[in-house]
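>>> Below: sequence and its predicted model.
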Amino acid sequence: MNTIWHFVISFILVLPFGWKTALIVALGSILIDIDHLYLPISLRKTSKKQVIKLWRQETKHHRPHFFLFHTIEFIILFLITSYFINYYLFLIAIGFFLHLVEDIVCYILHYKSLKPWANYLSLIAYLSKK
């Protein structure tokens, strides 16, 4: 799903709780994608132009990859710890959670299956298969 759509959908879903809360959650729903930068860096694509090109290719083709912030374990741990640390950090964690839910819904609706991505949604499952 496009980053803009993640922002818009998350913002609208949380808007009943206030626009400031919705804004923080929506920002969290796009901040999660920072883990997508690992792939271009691991492939030694370090120029800004190369990173943007690879990012666009990946979002266009939706190839399944492992992204740490997109795992169920990470998000649960982030939600629990942020709840006790800071309210605003907790709102960002909610954004991470909403992003993952939106991705899952998108995969199921668009590809009629979650199977190619299921192996990457759990850190434990991913590590046990390596």
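Yes, it's here.
>>> can we go C-alpha only for contacts and neighbour counts from here?
Noted.
>>> Just give the nearest non-adjacent residue to the residue nearest the centre of the chain, would you?
Residue closest to the average C-alpha location in the chain (Cα atoms, centre = their mean): I32, at 4.4 Å. Distances taken as Cα to Cα, 6 or more residues apart in numbering place F96 nearest to I32, at 5.7 Å, with adjacent residues excluded.
>>> Surely that neighbour is in contact with I75?
Yes: the pair F96 / I75 is scored as a contact, 6.8 Å apart, by Cα atoms under 8 Å.
>>> Downstream of the helix or strand hosting L54, the next helix or strand is which one?
In this structure, L54 sits in helix 48-61 according to DSSP states H and E. Sequence-wise, the next helix or strand downstream of helix 48-61 (DSSP H and E) is helix 72-85.
>>> And the next helix or strand past that following helix?
On the C-terminal side of helix 72-85, the closest following helix or strand by DSSP H and E is helix 87-111.
>>> list the helices and strands that next one packs on?
helix 3-14, helix 19-31, helix 72-85 (3 or more Cα pairs under 8 Å, 6 or more residues apart in numbering; DSSP states H and E).
>>> weakest of the ones you listed by average pLDDT?
In terms of average pLDDT, helix 3-14 trails the rest of the helices and strands packed on helix 87-111, at a mean of 92.
>>> what's it in contact with?
19, 21-23, 25-27, 29-30, 95, 98-99, 102 (Cα atoms under 8 Å, 6 or more residues apart in numbering).
>>> and if we set it to 10 Å?
Helix 3-14 has contacts (Cα atoms under 10 Å, 6 or more residues apart in numbering) with 15, 18-31, 33, 59, 94-100, 102-103.
>>> Buried residues in the host helix or strand of S128, which are they?
Following DSSP H and E, one finds S128 within helix 123-129. Buried residues in helix 123-129, counted by 16 or more other Cα atoms under 10 Å: L123.
>>> Spatially nearest residue to W117 (excluding sequence neighbours)?
In this structure, W117 finds its nearest non-sequential neighbour in P64, 5.5 Å apart by Cα to Cα, 6+ apart.
>>> so what's the one you found scoring on pLDDT?
Looking at P64, its pLDDT stands at 71.
>>> No further questions, thank you.
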